[in-house]
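> Okay, here's the prediction I keep looking at, along with the sequence it came from:
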Amino acid sequence: MFQRVGPAAYKNNLENTLRLDELYGNPHRKFKSIHVAGTNGKGSVSHMLAAVFQSAGYKTGLYTSPHLKDFRERIRIDGKMISQDEVVRWVEGYKTNNELWKIEPSFFELTVAMAFDYFANEKVDIAIVEVGLGGRLDSTNIITPEVSVITNIGMDHTALLGNSIELIAKEKAGIIKKDIPVVVGATQNETQSVFTEKAEEQQAPIFFADQEFTVPYAMNDFEGNQLLAVLKNGRQIFSQLKLDLKGVYQQKNIPAVLKTVELMEQKGWKITHENITEGLAATSKLTGLLGRWQVLGHNPRIVCDTAHNTDGIKEIVKQIEATPYKHLHIIFGLVNDKDPENILELLPKHAIYYFTRAAIPRALDENDLARKAAEFGLKGQVFPEVQAALNAAQTNAGKDDFIFVGGSTFIVSEIL
């Protein structure tokens with residue numbers, strides 16, 4: 001499993017994926033799809049798209065990774081996780097067949113095969129498929145989608161994808177396919193030509209969503225939901241588009257969602273203005289999305305977020321600083337194959353830190369983390385377990401304080 005043992009589990013070819021797909025009767029050809037790649041935002045965009053299609057009445061598959069609480073979060077139809085019985089049945093069938101097949105797939109390859117087989121058997125109208133890692137060599141990249149979506153590009157998984165924005169963009173651009181429209185969520189100087197050239201090579205129409213759709217202002221309702229004004233080419237199309245996803249960074253994801261929906265409408269999919277507003281107002285409820293600026297408690301306010309690279313942490317720090325509080329408590333852990341210095345230098349110096357580690361081999365030792373953090377003026381205590389760190393923060397925090405939990409998907413997973 002990639003998330004258990006890090007880069008060692010990464011497969012740099014599609015051989016196993018194609019073989020498994022063939023043995024299951026090429027299920028990837030039996031359903032329509034939208035393919036979503038990117039460094040940050042791809043999970044949120046996938047869930048928002050799924051919510052819109054569900055609201056429009058389509059039977060909607062959703063494949064995402066990683067999971068936070070339950071493996072089955074990765075494979076859903078209309079927001080409902082694949083059943084335990086179905087997972088057991090499928091795995092047992094695979095094990096029996098594999099005595100003859102003799103394939104040694106990775107955890108991710110096997111999960112993609114399960115998802116595609118499930119979506120085909122259940123006859124979904126559309127599946128929103130999130131790329132696991134990169135794009136070009138990702139197991140999901142055997143589909144020919146209705147639309148390809150690339151959210152944004154940042155420095156993450158550099159050991160596997162390349163140590164520059166341009167090289168990472170080339171890997172993500174691998175999902176661009178012949179004649180299939182591609183939506184790029186964020187116009188970035190370093191990546192624009194990479195995507196444009198690949199799209200031209202594939203004769204794929206390309207759209208930079210943030211050049212058409214903008215969010216000039218936003219406010220919150222009493223429940224903390226965001227209400228966005230949205231313009232298309234300077235003309236207002238939504239005065240108060242409600243998002244139940246509370247991370248301010250979602251404003252950067254909305255253009256990609258709206259442009260993708262528009263292209264799908266042009267292809268004949270029936271999606272109304274009301275379907276968009278209803279879906280986006282209830283994304284987490286409809287799709288079960290977890291861990292995106294998720295509020296876990298009040299008095300003190302407790303929030304968790306899975307942001308785990310420099311671009312993601314920058315957005316989180318912005319929102320933390322915009323949140324009123326008396327004292328700030330941060331429960332923080334990282335994995336050991338990231339560059340911690342780039343992240344630690346972004347964190348607020350005035351916070352009280354609770355350095356900890358998730359219960360996985362990839363976790364960075366909490367003592368090493370605390371030593372590195374001290375070099376950046378970050379002070380706090382060390383806890384060998386996430387729950388102990390949360391207990392300490394809750395004991396120390398007053399009702400007007402703010403507790404933030406993050407740094408790693410796995411830290412959030414344990415809190416949830």
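In hand now; what should we look at?
> Give me the nearest residue to Pro216, chain neighbours excluded.
Of all residues not flanking Pro216 in the chain, Ala229 sits nearest, at 5.6 Å (Cβ to Cβ, 6 or more residues apart in numbering). For the C-beta atoms, the positions are set from N, CA and C on the backbone; glycine is no exception.
> Tell me the helix or strand right after the lowest-mean-pLDDT helix or strand in the chain.
Least confident helix or strand of the chain, by mean pLDDT, DSSP states H and E, is helix 2-5 with a mean of 41. Sequence-wise, the next helix or strand downstream of helix 2-5 (DSSP states H and E) is helix 15-23.
> which strands and helices sit next to the helix or strand just after that following helix?
Next along the chain after helix 15-23, taking DSSP H and E as the criterion, comes strand 32-37. Other helices and strands packing on strand 32-37, by 3 or more Cβ pairs under 8 Å, 6 or more residues apart in numbering; DSSP states H and E, are helix 42-55, strand 126-130, strand 147-150.
> Deepest in the core, which of the ones you listed is it.
Neighbour counts (mean count of other Cβ atoms under 10 Å) averaged over each of the helices and strands packed on strand 32-37 peak at strand 147-150, with a mean of 29.
> Report the residue ranges of every domain in this protein.
2-207+253-287, 294-415 (automatic domain parsing).
> Export those domains as CSV, with columns for distance to Met219.
Output for those, formatted as CSV (distance: least, Cβ to Cβ, whole Å):
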stretch, distance to Met219
domain 2-207+253-287, 15
domain 294-415, 12
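> Between the helices and strands packed on strand 32-37, which one is closest to Ile330.
Smallest distance to Ile330 across these (Cβ to Cβ): 22.1 Å, for helix 42-55.
> With only the CA atoms kept, save the closest one in CSV.
The C-alpha trace of helix 42-55 is given here as CSV (Å, rounded to 0.1, in the frame of the first residue of the first chain):
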residue,chain,number,x,y,z
LYS,A,42,-8.8,17.4,-6.9
GLY,A,43,-10.7,15.6,-4.1
SER,A,44,-12.9,18.5,-3.4
VAL,A,45,-13.6,19.1,-7.1
SER,A,46,-14.5,15.4,-7.5
HIS,A,47,-16.9,15.5,-4.6
MET,A,48,-18.6,18.8,-5.8
LEU,A,49,-19.0,17.4,-9.3
ALA,A,50,-20.5,14.2,-7.9
ALA,A,51,-22.9,16.2,-5.7
VAL,A,52,-24.1,18.2,-8.8
PHE,A,53,-24.7,15.1,-10.9
GLN,A,54,-26.5,13.4,-8.0
SER,A,55,-28.7,16.5,-7.6
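> rewinding a little: and the helix or strand encompassing the residue nearest to Pro216, how far out from the chain's middle?
Per DSSP H and E, Ala229 falls inside strand 226-232. Averaging C-alpha positions (Cα atoms, centre = their mean, to the nearest Å) puts strand 226-232 22 Å from its chain's average.
> strand partners of it, parallel vs antiparallel please.
According to DSSP bridges, strand 226-232 forms sheet pairs with strand 213-220 (antiparallel), strand 235-243 (antiparallel).
> for the record, mean pLDDT for the shortest one?
It stands for strand 213-220. Model confidence over strand 213-220, given as mean pLDDT, is 96.
> Could you list the low-confidence segments of the chain?
For the chain, the stretches with pLDDT under 70 are 1-11, 157-160.
> Let me see the ranges of the helices in the stretch 151-300 of the chain.
Here the stretch 151-300 of the chain has its helices, by DSSP state H, counting those that start in this stretch, at 158-161, 165-172, 189-201, 250-266, 273-281, 283-287.
> okay if I get those as a markdown table plus distance to Ile411?
Formatted as a markdown table, those follow (distance: least, Cβ to Cβ, whole Å):
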| stretch | distance to Ile411 |
| --- | --- |
| helix 158-161 | 21 |
| helix 165-172 | 24 |
| helix 189-201 | 29 |
| helix 250-266 | 21 |
| helix 273-281 | 28 |
| helix 283-287 | 20 |
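> closest one to Pro181 among those helices?
helix 250-266 (5.3 Å).
> Return the set of buried residues in that closest one.
250-264 (16 or more other Cβ atoms under 10 Å).
> now stretch 137-156
For stretch 137-156, the neighbour count (16+ other Cβ under 10 Å) marks 137-143, 145-156 as buried.
> check contacts around the residue of the chain most remote from its centre.
Relative to the centre of the chain, the most outlying C-alpha is that of Leu100, 35.9 Å out, by Cα atoms, centre = their mean. Not one residue lies near Leu100 by Cβ atoms under 8 Å, 6 or more residues apart in numbering.
> How about the one 4 residues further on?
Glu104 makes contact with Asn16, according to Cβ under 8 Å, 6+ apart.
> Doesn't it lie inside a strand?
No - if the criterion is DSSP: H, G, I helix; E, B strand; the rest coil, then Glu104 is coil and not within a strand.
> any idea how far it is from Gly224?
Separation of Glu104 from Gly224 (Cβ to Cβ, to the nearest Å) stands at 47 Å.
> and Asn367, how many neighbours does it have?
12 (other Cβ atoms under 10 Å).
> what's the distance between it and Gly377?
As for Asn367, its distance to Gly377 is 18 Å (criterion: Cβ to Cβ).
> Thank you, goodbye.
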